[in-house]
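>>> Structural data only, the sequence is not supplied:
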């Protein structure tokens, strides 16, 4: 959210794929940090899309463009519309296990390869948030490995217990042009984004 909000404050156009979450839920998450995204939606500078259809009896949100990852042509058409709208930042997530279960391995590879190249060639910074498949079936782990292989930058996050307290930590596994940290680093999240605690 901080990544997208910073882009809006810089005068950029941003987009977000909320996957299986209602867009109103995401709006409330932004508002919890004091960030009102509705004016940017109305200006056409915040473009929400959703890769999973809403379930009855909940109506679709008129601000959201819906598509299915099963329809690769529709996904590519939306991606190209976002490019033509001048989107410079795109975020997708949070991907839960049913995202992995919804696509064949061949389609997953196709979607991931397209997304990486689409963002790269259109000078767009793309962030995908994925819940890790550790301890899950072999297929989910293979899809996660495939995603890591294609991604240009990979950050891992975890929660661990230290001295009787739970602590958030991150590790940069891949990042273009940057040396990776050798160990997990503690961090906190606030209105200004992620802050490393050294």
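Here it is on my side, so go on. None of the values given here were measured: they were computed from a predicted structure.
>>> alpha carbons only for contacts and neighbour counts from here, please
Will do.
>>> The spatially most central residue of the chain bridge partners, please.
For the chain, the residue nearest the mean C-alpha position is residue 92 (2.5 Å; Cα atoms, centre = their mean). For residue 92, the beta-bridge partners are residue 17, residue 128 (DSSP bridges).
>>> How about residue 155?
Under the criterion used (DSSP bridges), residue 155 bridges to residue 172.
>>> now do residue 168
Residues in a beta bridge with residue 168, per DSSP bridges, are residue 159.
>>> these two touch, right, it and residue 186?
Yes: Residue 168 is in contact with residue 186 according to Cα atoms under 8 Å; the separation is 5.7 Å.
>>> ok, so what distance separates the residue nearest to the centre of the chain from residue 173?
19 Å (Cα to Cα, to the nearest Å).
>>> where are the low-confidence patches of this protein?
Applying pLDDT under 70 to the chain picks out residues 53-55, 93-103, 130-137, 140, 180-182.
>>> can you list contacts of the top helix by length along it?
If you go by DSSP state H, the chain has its longest helix at helix 105-121. With Cα atoms under 8 Å, 6 or more residues apart in numbering as the test, helix 105-121 has contacts from 69-70, 72, 79, 100, 125-126, 143, 146-147, 150-152.
>>> Which of these fall in helices?
Judged by DSSP H, helices contain the following of those: 72, 79, 100, 143, 146-147, 150.
>>> so is the closest residue in space to residue 63 that isn't next to it in sequence in a helix, a strand, or just coil?
Using Cα to Cα, 6 or more residues apart in numbering and skipping the chain neighbours, the partner closest in space to residue 63 is residue 48 (7.0 Å). Look at residue 48: counting by DSSP: H, G, I helix; E, B strand; the rest coil, its state is strand.
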